[in-house]
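>>> Give me the fold of what follows.
(chains A and B)
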There are 2 protein chains.
Amino acid sequence: MAGRAVKQARAERTRATVLEAAAEVFAELGFSGASVMKIADRAGVTLGGVYFHFRSKEELARAIVAGQPDFVVPPKASTGLQRAIDVTLVWARALAESPMLRAGARLVWEQDRFMGTVENSHEQWTVIVAADLQTAQDEGELRADVDVQAVARLVVNACTGAQMHSYVETAHKDLPDRVEEIWRCLLPALKN
Amino acid sequence: MAGRAVKQARAERTRATVLEAAAEVFAELGFSGASVMKIADRAGVTLGGVYFHFRSKEELARAIVAGQPDFVVPPKASTGLQRAIDVTLVWARALAESPMLRAGARLVWEQDRFMGTVENSHEQWTVIVAADLQTAQDEGELRADVDVQAVARLVVNACTGAQMHSYVETAHKDLPDRVEEIWRCLLPALKN
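The predicted structure follows:
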């Protein structure tokens, strides 16, 4: 049993190493520029080692997109509107430094190659932001006539656009300012 | 003199043909997938014919991005806030059908390869939207405390994100609805 536990721990470490290497390669080369071979080389793992954990480049990309929220955890617990703001700001601040988040941002542009029309990165973030805004509305923090789903989509769309704009102009350095600005413009339409 | 006028008219037609072909190729293959050779083939023009008008693939891409506003002219004259809304909606409605606009949308993702940090497609649209919003504020249509530049950036960022989201989910079919939704969410924060 001890031997099996050791093997499993090693397999989990390899999986994490492969995923981190994949994030670096996707962040640098995009989905089309990446290959399972390049990812294996970066991870220092054999091709078979990669394929043991992930069936394809598509599956690697999906795992990275699906895992994005795990890398965006506000340091202080918050709820409602403040949590929605915190999540977007933590993402904006971490993006320039985190290969995992930079991969997510880069993969957004090519996600039609590996994500479905229903399950996609915009939808994933909209669900997260909408849940916090719904709490805010239930607690009377947001006006009753605010369309929570629509505002969540607007926030996610604006963050996506800001990310691209900020990348072109400052390699993501001013992204936190841009995200703050989005909320500053929006709050008068939201708050009770 | 007549001969020279004919020659000039022919050169202008060729330039327009090359630009349309470039838009089709960029819309299909993106900036990295496109080549001057593929664009020449699509246009039915020699390589020399393309290079007579455009020095490089970069210059073709810049011309297409810079020309986007010419393809987004509202059918009815409007001013201020209504004009800002009209411009975004005309763009959203035309995008699915217009190779020129689809090329612009696709090139946004790779514009760091051929646009500068100052002159870029986000900035170009922000200037246009901000001008209309400024008119609206000067005429008392927008609240005096609205930060016109920040709202213009928000609108452009949100439209960029909506465009990508709508592409993944409906091949741009629901983009007009998404853009309308952006304005519906924003108006309570803007109007006097």
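
>>> Report pLDDT for the residue nearest to the spatial centre of chain A.
Of all residues in chain A, the one closest to the mean position by C-alpha atoms, centre = their mean is residue A:68, 3.2 Å from it. The per-residue pLDDT reported for residue A:68 equals 92.

>>> for the nearest residue to it once chain neighbours are set aside, what are its contacts?
Nearest in space to residue A:68, with sequence neighbours left out and distances taken as C-beta to C-beta, 6 or more residues apart in numbering or on different chains, is residue A:104 at 4.5 Å. C-beta coordinates here come from the backbone N, C-alpha and C atoms, glycine included. Contact analysis of residue A:104 by C-beta atoms under 8 Å, 6 or more residues apart in numbering or on different chains lists A:64, A:65, A:68, A:121.

>>> Residue A:180 too?
residue A:89.

>>> Assign residue A:55 to helix, strand or coil.
Here residue A:55 is recorded as coil under DSSP: H, G, I helix; E, B strand; the rest coil.

>>> how much space between it and chain B?
Distance, residue A:55 to chain B, using C-beta to the nearest C-beta, to the nearest Å: 22 Å.

>>> ok, now residue A:161?
Taken as C-beta to the nearest C-beta, the span from residue A:161 to chain B is 3 Å.

>>> still on that earlier bit, which of the contacts of residue A:104 sit farthest apart?
A:64 and A:121 (9.8 Å; C-beta to C-beta).

>>> what do those two both touch?
What both residue A:64 and residue A:121 touch, as defined by C-beta under 8 Å, 6+ apart, is the set A:104, A:107.

>>> Which SSE is immediately downstream of the longest helix along chain A?
For chain A, the helix with the greatest residue count under DSSP state H is helix A:2-33. Toward the C-terminal end, the helix or strand that comes next after helix A:2-33 (DSSP states H and E) is helix A:36-43.

>>> what's that next one in contact with?
Contacts with helix A:36-43, where a contact means C-beta under 8 Å, 6+ apart, come from A:14, A:17-18, A:20-22, A:24-25, A:29, A:46-47, A:49-51, A:54, A:56-57, A:60.

>>> What of stretch A:75-84?
With contacts defined as C-beta under 8 Å, 6+ apart, stretch A:75-84 is touched by A:74, A:86, A:90, A:129, A:132-133, A:135-136, A:139, A:141-142, A:155, A:190-191.

>>> Select from those the one having the most neighbours.
residue A:155 (27 neighbours; other C-beta atoms under 10 Å in any protein chain shown).

>>> ok, that residue - contacts?
Contacts for residue A:155 (C-beta under 8 Å, 6+ apart) come out as A:84, A:88, A:129, A:182, A:186.

>>> With residue A:128 instead?
With C-beta under 8 Å, 6+ apart as the criterion, the residues that contact residue A:128 are A:69, A:87.

>>> where's it, which helix or strand?
Using DSSP H and E, residue A:128 sits in helix A:121-138.

>>> So for residue A:167, what's the nearest residue that isn't a sequence neighbour?
For residue A:167, ignoring the flanking residues on the chain, the nearest one in space by C-beta to C-beta, 6+ apart is residue B:112 at 6.9 Å.

>>> Near the one you found, how many residues? Count them for me, please.
15.

>>> Distance-wise, check residue A:57 relative to residue A:94.
Distance, residue A:57 to residue A:94, using C-beta to C-beta, to the nearest Å: 25 Å.

>>> out of these two, which sits in the busier spot?
Ranked by neighbour count (other C-beta under 10 Å), residue A:57 and residue A:94 place residue A:57 first, with 22 against 18.

>>> Residue A:108 is in contact with residue A:27, correct?
No: using C-beta atoms under 8 Å, residue A:27 is not in contact with residue A:108; the gap is 11.8 Å.

>>> Test my guess that residue A:174 contacts residue A:166.
Yes: Residue A:174 is within contact range of residue A:166, at 5.5 Å (criterion: C-beta under 8 Å).

>>> Pick out whichever of those two has more residues nearby.
Taking neighbours as other C-beta under 10 Å, residue A:174 and residue A:166 compare with residue A:166 leading, 24 against 16.

>>> Contacts only, for the closest residue to that one other than its chain neighbours.
Of all residues not flanking residue A:166 in the chain, residue A:175 sits nearest, at 4.2 Å (C-beta to C-beta, 6+ apart). Each residue near residue A:175 by C-beta under 8 Å, 6+ apart is listed here: A:92, A:93, A:95, A:96, A:162, A:163, A:166.

>>> ok so, going back, now the longest helix of chain A: buried residues?
Neighbour-count burial for helix A:2-33, counted by 16 or more other C-beta atoms under 10 Å in any protein chain shown, picks out A:14-15, A:17-27, A:30-31.

>>> need the residues of chain A near chain B, please.
A:32, A:108-109, A:111-112, A:115, A:117-118, A:120, A:122-123, A:147, A:150-151, A:153-154, A:156-162, A:164-165, A:167-170, A:178, A:181-182, A:184-190 (C-beta under 8 Å from any C-beta of the partner chain).

>>> Flag the shaky bits of chain A, pLDDT-wise.
A:1 (pLDDT under 70).

>>> Okay, domains of it per the record?
What automatic domain parsing lists as the domains of chain A is A:2-60, A:67-190.

>>> quick one: terminal-to-terminal distance for the last one?
Just to be clear, that refers to domain A:67-190. 29 Å (C-alpha to C-alpha, to the nearest Å).

>>> Work out the gap between it and the centre of the chain.
Remark: domain A:67-190 is offset 9 Å from the chain centroid, using C-alpha atoms, centre = their mean, to the nearest Å.
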